[in-house]
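Q: Just to be clear, the model below is a prediction. Sequence and coordinates:
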Amino acid sequence: MPVHQEDAQALLGQTLAVYNHGFVRLVDAMGDDAAIVQAARISYGPGTKSRRSDRLLIRYLMRHRHTTPFEMVELKFHIKAPIFVARQLMRHRTASINEVSGRYSEMREEFYLPTPDAVKPQSTTNRQGRAEEPFPTEQAAAVIADWQAAQADAYALYRRHLDQGMSREIARIGLPNALYTEWYWKINLHNCFHFLSLRLDAHAQEEIRAYAEQIGRCTRAVAPVAYEAFEEYVLGAATFSRSELALLRKLLRGETLSADDLDHGKTWRAEFEARLGMALPEAE
């Protein structure tokens with residue numbers, strides 16, 4: 001069955017595995033596409049229209065950024081991820097979060113280790129990302145072995161300190177960012193779409209994209225019509241500034257571009273050409 005036809009009821013409580021120890025679980029959901037339509041139509045009185053007009057209404061709301069009807073849908077997830085992924089997700093301050101506490105609980109010996117193809121050098125064009133090509137296999141394997149040994153040593157030290165009677169809240173400070181943590185995450189559909197728009201982007205870190213894909217899978221099952229509109233008007237869309245629109249109009253009219261038209265820097269030009277899917281002509 002294609003993912004976009006999955007029923008939310010079938011996904012409830014299902015463990016969607018991510019990496020070696022991680023997962024995403026849809027724990028609960030309140031509302032669906034009908035709740036969005038119901039909230040939007042309150043301005044016009046009771047009653048719903050045809051399924052086709054409901055779909056057109058949802059697409060209109062998405063297209064014109066009328067966001068409050070989407071807030072009528074809520075999703076609750078149970079997520080388990082490495083700490084460095086969790087911290088990226090928790091930067092989205094529009095959800096209710098309750099995380100496992102290392103002060104109350106002993107942390108498990110569960111660490112994230114990347115596959116060799118994920119071990120890449122620093123990008124020369126993206127200061128916060130990886131290059132496209134991975135390190136040679138043998139070099140990547142040696143790096144992974146180093147991390148695995150360091151993780152085992154760190155956890156052994158943690159256990160030794162606990163066995164010596166040290167408090168859990170201080171014994172944990174030597175554990176690395178690759179340690180798995182878990183939390184409940186409740187978020188409304190509007191804010192979930194914002195999260196997905198950023199974390200499904202190709203510029204997002206590979207590891208959080210893997211979690212966003214599973215969160216998106218659950219979200220699409222809960223509100224498939226809204227998710228379709230989100231893909232159409234947000235994920236698959238591009239926005240242009242005032243000066244970029246002026247430049248596009250000149251191109252469509254067949255006019256030549258001046259140096260001033262293109263005087264926005266190399267980074268801007270690369271980004272603009274990526275959105276256009278074509279190279280800009282040189283100024284004349």
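A: In hand now; what should we look at? Residues are numbered from 1 along each chain as shown.
Q: CA only for contacts and neighbour counts going forward, please
A: Will do.
Q: And stretch 179-194, how far out from the chain middle?
A: 10 Å (Cα atoms, centre = their mean, to the nearest Å).
Q: which parts of it are buried?
A: Applying a neighbour-count criterion of 16 or more other Cα atoms under 10 Å, one finds 179-193 buried in stretch 179-194.
Q: Which members of the residues you listed are the farthest-apart pair?
A: Using Cα to Cα, those span at most 30.3 Å, a distance reached by Leu179 and His190.
Q: And the buried residues of stretch 179-194, which is closest to His64?
A: Distance to His64, by Cα to Cα, is smallest for His190 among these, at 13.3 Å.
Q: May I have the residues that are in contact with Glu282?
A: Contacts for Glu282 (Cα atoms under 8 Å, 6 or more residues apart in numbering) come out as Leu257.
Q: Quick check: it vs Leu262, distance?
A: For Glu282, the distance to Leu262 equals 8 Å [Cα to Cα, to the nearest Å].
Q: where do the strands sit along the stretch 101-250 of the chain?
A: Remark: strands assigned in the stretch 101-250 of the chain by DSSP state E, counting those that start in this stretch are 180-188.
Q: Let me see the ranges of the helices in it.
A: 137-163, 168-171, 189-199, 206-222, 224-230, 242-252 (DSSP state H, counting those that start in this stretch).
Q: Which residue is the nearest non-sequential neighbour of Leu235?
A: Nearest residue to Leu235, sequence neighbours excluded (Cα to Cα, 6 or more residues apart in numbering): Ser197, at 6.0 Å.
Q: count of residues packed around the one you found?
A: When neighbours are counted by other Cα atoms under 10 Å, Ser197 registers 18.
Q: so it touches Glu232, yeah?
A: No. Using Cα atoms under 8 Å, Ser197 makes no contact with Glu232, being 11.7 Å away.
Q: And the closest residue to Thr219 other than its chain neighbours, how close does it get to His21?
A: Leaving aside its chain neighbours, Thr219 sits nearest to Tyr227 (7.2 Å; criterion: Cα to Cα, 6+ apart). Per Cα to Cα, Tyr227 is found 28 Å from His21.
Q: got it, and Phe111?
A: In terms of Cα to Cα, Phe111 sits 8 Å off from His21.
Q: need the contact list for Trp185.
A: For Trp185, the contacting residues are Lys76, Phe77, His78, Ile79, Ala95, Ser96, Ile97, Asn98, by Cα under 8 Å, 6+ apart.
Q: which among those residues gets closest to Ala212?
A: Nearest to Ala212 among those, with distances taken as Cα to Cα, is Ile79, at 10.9 Å.
Q: need the contact list for that closest one.
A: So Ile79 contacts Gly22, Phe23, Val24, Arg25, Glu182, Trp183, Tyr184, Trp185 (Cα under 8 Å, 6+ apart).
Q: 10 Å instead, please
A: 15-18, 22-27, 86, 99, 181-185, 211, 215 (Cα atoms under 10 Å, 6 or more residues apart in numbering).
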